[in-house]
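>>> Just need the structure, nothing else, for what follows:
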Amino acid sequence: MEKQGVILFKDASANKGGVTSSSLEVLSGLAFNDQEFLEHMITTGDEGVSDFYADYVQEIQRTISMNAKLEFECIWKEAIASGKPRSTLTDEVGQTLIQLQDQLEESELWDNKDVREAMLSLAIPKPLLKELGLPKLLERLPPVYARSLFASYISSHFIYKYSIRASPVDFYAYMAQLQKSAAKIQ
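Residues are numbered from 1 along each chain as shown. Next up is the predicted model:
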């Protein structure tokens, strides 16, 4: 289809919103205890949704919009630069993101407290941070989940900014920038 001039984005890119929404719903389930989850995330009858829930949904929608825009721009630029079909690039972007995420999860970068806390503060929706605070979230979240969230945030934002052809020097520059941002957040 792309050879015939059709602009095509595969489901792996087009359904990122569904994946993001589901993962952030899981995050709230892991972060809240049972009573807090009932209070903030569940509605019964005519009372409507809680203020937290309304804010959380809006934050998820903003995250989905931002991530969709970043992935679209990454694939679009890469298609122009490489001449490859966008459907092929969707797979390449996904594989590159997973590979970098896996490497980051195994790296010692997690041990840098300032970077870890700054990246999690960016990755976790603001209403959840405001409600529980990062220290409590880190106590409650399974360590493997928190580490995966951290690595996923860094890998996606790095690849979206620098492309799938980024070099180790690009990653070094990106991390230096993140460390400066981390210092400002702290």
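
>>> ok, the residue positioned nearest the centre of the chain to residue 174 distance?
In the chain, the residue lying closest to the centroid (C-alpha atoms, centre = their mean) is residue 153, at 4.3 Å. The spacing between residue 153 and residue 174, counted by C-beta to C-beta, to the nearest Å, is 12 Å. The way it works is simple: take the backbone N, C-alpha and C, and place the C-beta from them, glycine included.

>>> buried sites along the longest helix along the chain?
Criterion DSSP state H: the longest helix present in the chain is helix 51-82. If you call a residue buried by 16 or more other C-beta atoms under 10 Å, then helix 51-82 has these buried ones: 52-53, 55-57, 59-60, 63-64, 67-68, 70-72, 74-75, 78-79.

>>> List the contacts of the residue lying closest to residue 161 once chain neighbours are set aside.
By the measure of C-beta to C-beta, 6 or more residues apart in numbering, the closest residue to residue 161 outside its immediate chain neighbours is residue 174, 6.9 Å from it. With contact set as C-beta atoms under 8 Å, 6 or more residues apart in numbering, residue 174 has these partners: 158, 161, 162.

>>> Now the element after the worst-scoring helix or strand of the chain on mean pLDDT, going C-ward?
Lowest by mean pLDDT, DSSP states H and E among the helices and strands of the chain is helix 11-14, with a mean of 70. Note on helix 11-14: by DSSP states H and E, the next helix or strand toward the C-terminus is helix 16-31.

>>> Return the host helix or strand of residue 171 as CSV; C-alpha atoms alone will do.
Residue 171 belongs to helix 168-185 when assigned by DSSP H and E. Only the C-alpha atoms of helix 168-185 are listed here, as CSV (Å, rounded to 0.1, in the frame of the first residue of the first chain):
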residue,chain,number,x,y,z
PRO,A,168,26.2,6.2,21.9
VAL,A,169,27.4,9.8,21.9
ASP,A,170,23.8,10.9,21.4
PHE,A,171,22.8,8.9,24.4
TYR,A,172,25.6,10.3,26.5
ALA,A,173,24.5,13.9,25.5
TYR,A,174,20.9,12.9,26.3
MET,A,175,21.8,11.5,29.7
ALA,A,176,23.9,14.6,30.5
GLN,A,177,20.8,16.7,29.7
LEU,A,178,18.6,14.4,31.9
GLN,A,179,21.0,14.8,34.8
LYS,A,180,20.8,18.6,34.5
SER,A,181,17.0,18.3,34.4
ALA,A,182,17.1,16.0,37.4
ALA,A,183,19.1,18.5,39.4
LYS,A,184,16.5,21.2,38.6
ILE,A,185,13.6,18.9,39.7
